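>>> got a predicted structure here, sequence first:
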Amino acid sequence: ASWAVVQGAASAAMCGCAEGSRLDTRAAACIECEEGMRCPGMGELFIEPKYHATSDDPASVFRCFGSDPERCPGGLPGTCAAGRVASSPSCARCADGLVA
């Protein structure tokens with residue numbers, strides 16, 4: 001999907017950041033997308049494969065190192081491979097009852 005830039009938005013819901021940038025809620029401004037992020041525009045934020053961000057803090061992106069970088073498939077913030085705990089940095093923790 002692609003966004004069309006228009007002037008004269010009818011509501012705040014029609015406003016957002018341009019492709020390659022994301023909304024920094026602390027500064028209430030659009031900032032450049034950082035390493036490990038893909039920002040198609042209008043507030044959408046995706047994490048690149050081999051990176052991870054929790055859904056609680058999508059702006060804090062971690063690179064997945066180690067013997068199994070596939071544990072971080074990318075996608076929406078908070079996405080980990082099956083059997084991994086999405087709230088752990090870099091999907092490092094296995095789900096209860098599983099071992100790496």
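Yep, it's here. Since this is a predicted model, take the numbers as computed values, not measurements.

>>> how much space between Asp57 and Thr25?
Relative to Thr25, Asp57 is positioned 11 Å away (criterion: Cβ to Cβ, to the nearest Å). No exception for glycine: its C-beta is placed from N, CA and C like everyone else's.

>>> and those two? which has more neighbours close in?
Asp57 (12 against 8; other Cβ atoms under 10 Å).

>>> secondary structure class of that one, three-state.
coil (DSSP: H, G, I helix; E, B strand; the rest coil).

>>> what's across from Tyr51 in the sheet?
Arg63 (DSSP bridges).

>>> what's the neighbour count on the closest residue in space to Gly41 that isn't next to it in sequence?
Nearest residue to Gly41, sequence neighbours excluded (Cβ to Cβ, 6 or more residues apart in numbering): Glu19, at 4.1 Å. A count of neighbours around Glu19, defined by other Cβ under 10 Å, yields 14.

>>> how about Ser87?
The burial count for Ser87: 12, using other Cβ under 10 Å.

>>> which residues touch the closest residue to it other than its chain neighbours?
Spatial nearest neighbour of Ser87, excluding adjacent residues (Cβ to Cβ, 6+ apart): Thr54 at 5.6 Å. When contacts are counted by Cβ atoms under 8 Å, 6 or more residues apart in numbering, Thr54 touches 60, 77-78, 86-87, 89.
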